[in-house]
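>>> 3D model of this:
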Amino acid sequence: MGASLRLKEEATFTHELRWVLEAMKQVAFSEHKRLEQQPTTHEALVEDLRGCFQLLASAGVVSSLVRSSSPVTAAICFTSDAGFIGDLNVRVIREGMAAAGTGPLHVIGEQGRRVCLEQGFAAASYYPHVTNFETLEELRPLWDSLAPRYLDGTIGRVSLAYPKHLSLTRQEVVADPLLPYEGPTLDMAQRHPMRTFVLETPLAVTERALTAWWIRAALARAAWHARLSELAARANHLESAVDELVKQTQVLNLRYFHVLHEEMDKAIREVYASQQIGGAN
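Alright, predicted model coming up:
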């Protein structure tokens, strides 16, 4: 096979690959726009539950929801199932490992599992990618196992590492502390003049319910952010890849025409030389 033919085939392959990546980019853009207009309904629940923790902390209730009982920290990492998103998954795992230290690591998504295995960290617990942001049925084993371990003191802190979606061009990897509550408190004298806090439901029952709801609501919000960040990162990554393929195609086309002209010139010279030799004989 001649050099020009090889270059032509390479240029054709690069051109076709460019259009495949272009189609994938458009799908990511479209899905991102659709999902951005349908935020998770758990956002309001997150705020309501945060208010419950805030009230417990402000009233001085001795509860594991607002006080850490163990130095062990568990971290949850939200990653994707598919690639083409740059180093986003690696950054999430790195942030989760830093938050957990020597504590247990819970990884959601196949790419996070791959990153952990590549880095020789095989002790993590792995969970499948979320397909429904409302039910989160795939993650039920996670909060069903994590909540009791936090309440019995086996785990003292829980952090959630995920890519927070800020815009189409900006995703920030964060590690939010979930438990115990460490946010601002209320001025009980100003907000509640009677200065009396009554907890009708037994504290243990309240803690069990709030812990499971809180982890689930936080996971739902993180899943929404993680999916949006994944789509945005993929669209941007593919756009860069398409631009690079356009440049490569241009270079290959120039090389192809240069080599083709050389081969044609060589063929013409050989034909001319053969005619001259034949005429001399």
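
>>> Leu179 pairs with what?
Val158 (DSSP bridges).

>>> ok, now which ones touch it?
Ser64, Leu65, Tyr150, Arg157, Val158, Thr211, Trp214, Ile215 (Cβ atoms under 8 Å, 6 or more residues apart in numbering). C-beta: built from backbone N, CA, C; applies to glycine.

>>> same thing but at 10 Å, please
The neighbourhood of Leu179, defined by Cβ atoms under 10 Å, 6 or more residues apart in numbering, consists of 53, 64-66, 68, 73-74, 146-147, 150-151, 155-160, 210-211, 214-215, 218.

>>> for the host helix or strand of Lys33, packing partners?
According to DSSP states H and E, Lys33 maps onto helix 3-36. In terms of contacts (3 or more Cβ pairs under 10 Å, 6 or more residues apart in numbering; DSSP states H and E), helix 3-36 is packed against strand 157-167, helix 203-280.

>>> quick one: closest of the ones you listed to Glu31.
With Cβ to Cβ as the criterion, Glu31 lies closest to helix 203-280 of these, at 5.4 Å.

>>> now for that closest one, which elements pack on it?
Other elements packing on helix 203-280 under the criterion 3+ Cβ pairs under 10 Å, 6+ apart are helix 3-36, helix 42-58, strand 73-78, helix 88-100, strand 105-108, helix 140-151, strand 157-167, strand 170-179.

>>> just name the most buried of the ones you listed.
strand 73-78 (a mean of 27; mean count of other Cβ atoms under 10 Å).

>>> mind checking how far that one is from the chain centre?
Chain-centre distance of strand 73-78: 13 Å, with Cα atoms, centre = their mean, to the nearest Å.

>>> what is the mean pLDDT for it?
Averaged across strand 73-78, pLDDT comes to 94.

>>> check stretch 98-112 too.
On average, the pLDDT along stretch 98-112 is 92.

>>> same question, stretch 16-28
Averaging pLDDT along stretch 16-28 yields 87.

>>> contacts for that stretch next, please.
Residues contacting stretch 16-28 (Cβ under 10 Å, 6+ apart): 82, 84-85, 230-246, 248-249.

>>> quick one, which of these are buried?
Among the contacts of stretch 16-28, the ones that count as buried by 16 or more other Cβ atoms under 10 Å are 84-85, 230-238, 241-242, 245, 248-249.

>>> how far does whichever strand or helix holds Gln111 sit from its chain's centre?
Using DSSP H and E, Gln111 maps to helix 110-118. Counting by Cα atoms, centre = their mean, helix 110-118 is centred 12 Å from the centre of its parent chain.

>>> which elements pack onto it?
Checking 3+ Cβ pairs under 10 Å, 6+ apart, helix 110-118 ends up next to strand 73-78, helix 88-100, strand 105-108, strand 125-127.

>>> do that again at 8 Å, thanks
helix 88-100, strand 105-108 (3 or more Cβ pairs under 8 Å, 6 or more residues apart in numbering; DSSP states H and E).

>>> just the CA atoms of it, as PDB, please.
Below are the C-alpha coordinates for helix 110-118, written out as PDB (Å, rounded to 0.1, in the frame of the first residue of the first chain):
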ATOM      1  CA  GLU A 110     -18.100   2.000  37.800                       C
ATOM      2  CA  GLN A 111     -15.500   4.600  36.900                       C
ATOM      3  CA  GLY A 112     -14.800   5.200  40.600                       C
ATOM      4  CA  ARG A 113     -14.400   1.500  41.100                       C
ATOM      5  CA  ARG A 114     -11.900   1.400  38.200                       C
ATOM      6  CA  VAL A 115      -9.900   4.400  39.700                       C
ATOM      7  CA  CYS A 116      -9.700   2.700  43.100                       C
ATOM      8  CA  LEU A 117      -8.500  -0.600  41.700                       C
ATOM      9  CA  GLU A 118      -5.900   1.200  39.500                       C
END
